[in-house]
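Enquirer: Make a model of this:
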Amino acid sequence: MRRVLTEKDVEPAVRGGSVYAAGGGGWADHGRMLGYAAVKAGAPELVSVDELDDDDFIATAAAIGAPASTTPWEMRGVDYIKAVQMLNDALGQPVAGLMVGQNGKSSTLNGWLPSAILGCKVVDAVGDIRAHPTGDMGSIGMAGSPEQMIQTAVGGNREQNRYIELVVRGATAKVSPILRTASDMSGGFIASARNPLRVSYVAKHAALGGISMALDLGHAILAAEQKGPAAVIDAMVDKTGGVILASGEITAKDVIYTNEAFDVGTVTVGRGDKALTLHVMNEYMAIDDAGGNRIASFPDVITTLSEDALPLSVGELEVGMKVHILHVPKSVIPLSSSVLDPSVYPVCERAMGIELAKYALEGTDA
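Expert: Next up, the predicted model:
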């Protein structure tokens, strides 16, 4: 499946990634910037894990934080490149490929620019098909591991002297919060390269084919657009294997930005006994019905769509808007070791005050 990514792939990656962003996943324009810069600067190449040597290293290219109009974030394409260079220096050899921790509006394209400039491959694997709030959720099983990892972070608001370069070593669960703190200090969004792991490990623990899934979905969306929003939604449902769970008006929004660089709270769609509560931690993590029954829960894909069938981030939602809620159950998507790891859930459960692990692990061997 080895192929060079071109200009024709940029918009599909953004559009498909926006659906899997699940209300988070960065900024569409930031994704376009990364994609077009990459294909103009070089020839980023998408490969499957079996096209690399088992002993090669794959690292995760990530963007950390919850950038919003209320935070002074600044992230440049060069920050993604510098993060990988710093990781290579710390590792003592260049990584052969870059995967991403999650799909998203921009995160699907996180590895493209370093690939174009540094020559490493874009690996068709993700830590999670959908976007999620913590690095551990995309760490492909490393969250509870005592193994020493390397993580780097680069970026920040230059005018406010918030620019940061950081290299940390340690167990993933201990060093990941350091990068999130750095993200908040930098202005809310920072580039990262982290957790270099052997190809043989990635092949067993990542969600394989995740980039292709986003690209295929994006191409389907663009092909359907000339037929109108209903056709676009039909294409999303068909390509993802999901359903439109509900359509209704946003009647309440209670989401706050925390100093851990998380957006946390709830969004209510509908009224009375038909009201649905969407639980937010950067992304949509769960949906409860009016009786408090869980009807969708991470790692399911949960996405809000506008009346024009555009995926909406949490920050774009306003009371009075009418939205469609797309639900793709975990049973129809590849699941990585990350989302089957019980240790990644307590931090989210504490922040939101709801149970996640019992739903995420239900029906699995975890």
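Enquirer: Kindly list the longest strand within this structure.
Expert: The strand that spans the most residues within the chain, counting by DSSP state E, is strand 243-257.
Enquirer: Just checking: what are the partner strands of that strand?
Expert: Here strand 243-257 has these sheet partners by DSSP bridges: strand 263-269 (antiparallel), strand 322-328 (antiparallel).
Enquirer: The next helix or strand after the last one - what's its average pLDDT?
Expert: Where DSSP states H and E defines the elements, the next helix or strand beyond strand 322-328 is helix 346-352. Computed over helix 346-352, the mean pLDDT rounds to 95.
Enquirer: swap in stretch 244-251?
Expert: Mean predicted confidence for stretch 244-251 is 98.
Enquirer: and for it, what are the contacting residues?
Expert: Stretch 244-251 is touched from outside by 233, 237, 267-271, 274-276, 287, 295-296, 317-327, with contacts defined as C-beta atoms under 8 Å, 6 or more residues apart in numbering. Using the backbone N, CA and C atoms, a C-beta is placed for each residue, glycine as well.
Enquirer: make it 10 Å
Expert: Around stretch 244-251, the neighbours that count as contacts under C-beta atoms under 10 Å, 6 or more residues apart in numbering are 233-234, 236-237, 267-272, 274-276, 278, 287, 289, 295-296, 300, 302-305, 307, 312, 317-328.
Enquirer: Tabulate the CA atom coordinates of the longest strand of the chain in PDB.
Expert: What follows is strand 243-257, C-alpha atoms only, in PDB (Å, rounded to 0.1, in the frame of the first residue of the first chain):
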ATOM      1  CA  VAL A 243     -25.700   5.600  12.800                       C
ATOM      2  CA  ILE A 244     -27.200   9.000  13.500                       C
ATOM      3  CA  LEU A 245     -28.100   8.500  17.100                       C
ATOM      4  CA  ALA A 246     -30.200  11.600  17.400                       C
ATOM      5  CA  SER A 247     -30.800  15.100  16.000                       C
ATOM      6  CA  GLY A 248     -31.900  18.000  18.000                       C
ATOM      7  CA  GLU A 249     -31.200  21.400  19.500                       C
ATOM      8  CA  ILE A 250     -28.400  22.200  22.000                       C
ATOM      9  CA  THR A 251     -30.200  23.300  25.100                       C
ATOM     10  CA  ALA A 252     -27.300  23.600  27.500                       C
ATOM     11  CA  LYS A 253     -23.500  23.800  27.500                       C
ATOM     12  CA  ASP A 254     -21.400  23.800  30.600                       C
ATOM     13  CA  VAL A 255     -17.700  23.300  29.600                       C
ATOM     14  CA  ILE A 256     -14.700  24.900  31.300                       C
ATOM     15  CA  TYR A 257     -11.000  25.000  30.400                       C
END
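Enquirer: With that, I have no additional questions.
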